[in-house]
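Asker: just need the structure, nothing else, for what follows:
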Amino acid sequence: MKISGFKMLAIAVTDVDKAKEFYTETLGLKLTGDAGHNGQRWVSLELADGIAITLSNVHESMKPGALKFYLGTSDVDSTQKELSDKGVTPVKEGDDWGKWGQEGEGQHWFEITDPDGNHILIIPSAYEHKG
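Answerer: Alright, predicted model coming up:
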């Protein structure tokens with residue numbers, strides 16, 4: 001068996017319109033679809049690298065606000081400033097990204113939450129996980 005890569009992340013939300021506004025207007029993700037049926041709704045978004053995110057009020061066993069994921073940016077500082085200008089305040093930040101068990105300085109990172117309380121860490125795009 002050969003897994004070919006990560007393709008999509010599903011995020012359970014309570015208010016689809018509010019989440020859609022946050023992910024498109026605040027974070028700048030591309031809207032690729034918005035479909036609904038019988039009170040169920042799915043909003044499809046796309047990151048610059050082609051990975052899809054689906055926001056949905058169809059939760060199955062997922063709970064809104066229980067997710068933590070990481071988004072990369074080439075310039076963490078300017079991204080933080082841009083989000084701050086839009087009223088988004090980090091819940092946590094640091095300058096030690098990628099430093100664990102290594103020599104040298106770490107890189108800046110910060111964490112925000114979406115309207116449901118899902119945690120989103122904004123990290124340097126160049127980071128490679130080695131653990």
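
Asker: now the end-to-end length of stretch 83-94.
Answerer: End-to-end distance of stretch 83-94: 16 Å, with CA to CA, to the nearest Å as the criterion.

Asker: which ones are touching the nearest residue to residue 64 once chain neighbours are set aside?
Answerer: With sequence-adjacent residues excluded and distances taken as CB to CB, 6 or more residues apart in numbering, residue 64 is closest to residue 116, at 4.1 Å. (Each C-beta comes from the backbone N, C-alpha and C, glycine too.) For residue 116, the contact set (CB atoms under 8 Å, 6 or more residues apart in numbering) comprises 11-15, 19, 64-65.

Asker: among those residues, which ones are buried?
Answerer: Among these, those scoring as buried are 11-13, 19, 64-65 (criterion: 16 or more other CB atoms under 10 Å).

Asker: out of those, which are inside helices?
Answerer: residue 19 (DSSP state H).

Asker: most widely separated two among the buried ones among the contacts of residue 116?
Answerer: Pairwise distances among these were taken by CB to CB; the largest, 11.1 Å, belongs to 19 and 65.

Asker: what does stretch 75-94 contact?
Answerer: Contacts of stretch 75-94 (CB under 8 Å, 6+ apart): 26-27, 73, 106-113, 119, 122-124.
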